[in-house]
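Chemist: Pasting a predicted model and its sequence here:
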Amino acid sequence: MQRLEELLSRVVAEVKQLPFPILLRLEASGGGGGVVVEPKTKLQLYSYFRSSCSQRVRIALNLKGLDYEYKAVNLLKGEQLSPEFLKLNPVGYVPVLVDEDIVLSDSFAILMYLEEKCPQHPLLPHDLQRRGINYQAANIVSSSIQPFQNTSVLKYIGEKVHPDEKLVLVQYHIGKGFAALEKLLKDYAGKYATGDEVCLADCFLAPQIHGAIKLFSLDMTQYPLLSRLNNAYNELPAFQDAMPENQPDASVEA
Ligand SMILES: N[C@@H](CCC(=O)N[C@@H](CS)C(=O)NCC(=O)O)C(=O)O
């Protein structure tokens with residue numbers, strides 16, 4: 001008991017030093033245990049149900065047990081280019097996370113921010129090499145695959161090249177990235193991408209694999225490791241709740 005009191009007063013002293021306000025919740029050890037850091041006011045997430053980049057953030061928020069207000073941005077109606085939204089993210093993309101006066105866009109930046117502010121359910125493994133593999137896998141998805149399937153890119157290809165070229169372009173880049181990910185992860189994967197814990201790479205992989213199957217009809221038989229990971233993700237509530245079809249704006253034109 002005395003040890004617990006000492007530990008608590010150390011935690012409180014550390015928290016007082018933090019440059020931002022937080023609430024602390026203590027969880028009983030049965031449920032994973034430990035200190036849970038929550039922002040003082042409810043987070044806001046600007047999201048579109050089908051956006052894989054928004055889905056990454058939804059997964060991380062769920063894993064960390066952080067409640068948030070869902071602010072729907074309809075990409076098909078061009079709401080990401082409205083003057084109000086451009087004030088939040090001048091580049092006109094979702095997701096955007098608002099935490100009091102902190103406004104952040106780009107899913108990678110948002111996940112790193114959440115990781116530092118709310119350390120419960122860490123997304124980065126201690127092992128430096130596995131940490132690096134997480135960064136690499138996340139960036140293969142976010143830099144070498146997802147940009148080619150972006151709404152604005154596909155609109156451009158459809159109009160300037162040919163509508164049939166949209167799927168060809170997307171499938172080529174997903175296939176190239178997935179082949180690389182199969183090779184990269186084969187020596188690291190456990191139940192999940194880089195071991196038996198859900199990490200950063202998983203937050204990026206799950207939406208990308210889900211979209212490849214549902215939106216772009218990719219033949220997954222060539223990617224057995226990614227297929228196995230996808231089955232594991234589909235079992236997890238944090239991933240299920242983040243699925244496009246489970247978002248408040250999904251009914252608009254799902
Ligand atoms: N690197 C950014 C990319 C953001 C991005 O491309 N968002 C897409 C949805 S996944 C978007 O808002 N597209 C709107 C458009 O293309 O106009 C991130 O990871 O958040």
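Modeler: Cool, got the structure.

Chemist: what about the longest helix along the chain, distance to the chain center?
Modeler: Looking across the chain with DSSP state H, the single longest helix is helix 165-185. Averaging C-alpha coordinates over helix 165-185 and over its chain gives two centres that are 19 Å apart (Cα atoms, centre = their mean, to the nearest Å).

Chemist: What is whichever helix or strand comes after that helix packed up against?
Modeler: Tracing the chain past helix 165-185, the next element assigned as helix or strand by DSSP states H and E is helix 200-214. Identification of packing neighbours for helix 200-214 by 3 or more Cβ pairs under 8 Å, 6 or more residues apart in numbering; DSSP states H and E yields helix 52-63, helix 107-117, helix 128-139, helix 165-185, helix 224-234. To be clear about C-beta, it is placed using only N, CA and C from the backbone, and glycine gets the same treatment.

Chemist: how about stretch 137-147 against the ligand, any contact?
Modeler: Yes. Contact between stretch 137-147 and the ligand, assessed by Cβ under 6 Å from any ligand atom, occurs at Ser142.

Chemist: My error: substitute stretch 42-53 in the last question.
Modeler: Yes. Stretch 42-53 lies within reach of the ligand by Cβ under 6 Å from any ligand atom, at 51-53.

Chemist: Provide a list of residue ranges in the stretch 1-150 of the chain with pLDDT below threshold.
Modeler: Counting by pLDDT under 70, the stretch 1-150 of the chain has low-confidence residues at 1-5, 7-8, 11-34.

Chemist: distance of whatever residue of the stretch 151-254 of the chain ends up closest to the ligand from Arg56?
Modeler: For the stretch 151-254 of the chain and the ligand, the shortest gap (Cβ to the nearest ligand atom) falls at Ser152, measuring 3.3 Å. Summarising the geometry, the distance separating Ser152 from Arg56, computed by Cβ to Cβ, to the nearest Å, is 19 Å.

Chemist: Next, Glu38: phi, psi?
Modeler: According to degrees, to the nearest 10, the main-chain angles of Glu38 amount to phi -120, psi 140.

Chemist: Name whatever forms a beta bridge with it.
Modeler: Using DSSP bridges, the beta-bridge partners of Glu38 come out as Leu23.

Chemist: And it, how far from Lys117?
Modeler: Remark: distance between Glu38 and Lys117 (Cβ to Cβ) = 10 Å.

Chemist: And Lys64, by the same measure?
Modeler: 9 Å.

Chemist: same check, this time on Leu123
Modeler: In this view, Leu123 and Lys117 are 12 Å apart by Cβ to Cβ.

Chemist: More neighbours: these two, which one.
Modeler: A direct count of neighbours by other Cβ atoms under 10 Å for Leu123 and Lys117 places Leu123 higher, at 23 against 17.

Chemist: The one helix or strand Ile157 maps to - contacts with which helices or strands?
Modeler: With the criterion set as DSSP H and E, the secondary-structure element containing Ile157 is helix 151-160. Using 3+ Cβ pairs under 8 Å, 6+ apart as the contact criterion, the secondary-structure elements in contact with helix 151-160 are helix 165-185.

Chemist: got the CA positions of the helix it packs on in PDB?
Modeler: Backbone C-alpha positions of helix 165-185 (Å, rounded to 0.1, in the frame of the first residue of the first chain) are rendered in PDB as follows:
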ATOM      1  CA  GLU A 165      -7.000   3.500 -65.800                       C
ATOM      2  CA  LYS A 166      -8.100   4.300 -62.200                       C
ATOM      3  CA  LEU A 167      -8.300   0.700 -61.100                       C
ATOM      4  CA  VAL A 168      -5.200  -0.300 -63.000                       C
ATOM      5  CA  LEU A 169      -3.200   2.400 -61.300                       C
ATOM      6  CA  VAL A 170      -4.400   1.600 -57.800                       C
ATOM      7  CA  GLN A 171      -4.100  -2.100 -58.200                       C
ATOM      8  CA  TYR A 172      -0.500  -1.800 -59.500                       C
ATOM      9  CA  HIS A 173       0.600   0.400 -56.600                       C
ATOM     10  CA  ILE A 174      -1.200  -1.700 -53.900                       C
ATOM     11  CA  GLY A 175       0.400  -4.900 -55.400                       C
ATOM     12  CA  LYS A 176       3.900  -3.300 -55.400                       C
ATOM     13  CA  GLY A 177       3.500  -2.100 -51.800                       C
ATOM     14  CA  PHE A 178       2.000  -5.400 -50.600                       C
ATOM     15  CA  ALA A 179       4.700  -7.500 -52.100                       C
ATOM     16  CA  ALA A 180       7.300  -5.300 -50.300                       C
ATOM     17  CA  LEU A 181       5.400  -5.600 -47.100                       C
ATOM     18  CA  GLU A 182       5.300  -9.400 -47.300                       C
ATOM     19  CA  LYS A 183       9.100  -9.400 -47.600                       C
ATOM     20  CA  LEU A 184       9.700  -6.800 -44.900                       C
ATOM     21  CA  LEU A 185       7.400  -8.300 -42.300                       C
END
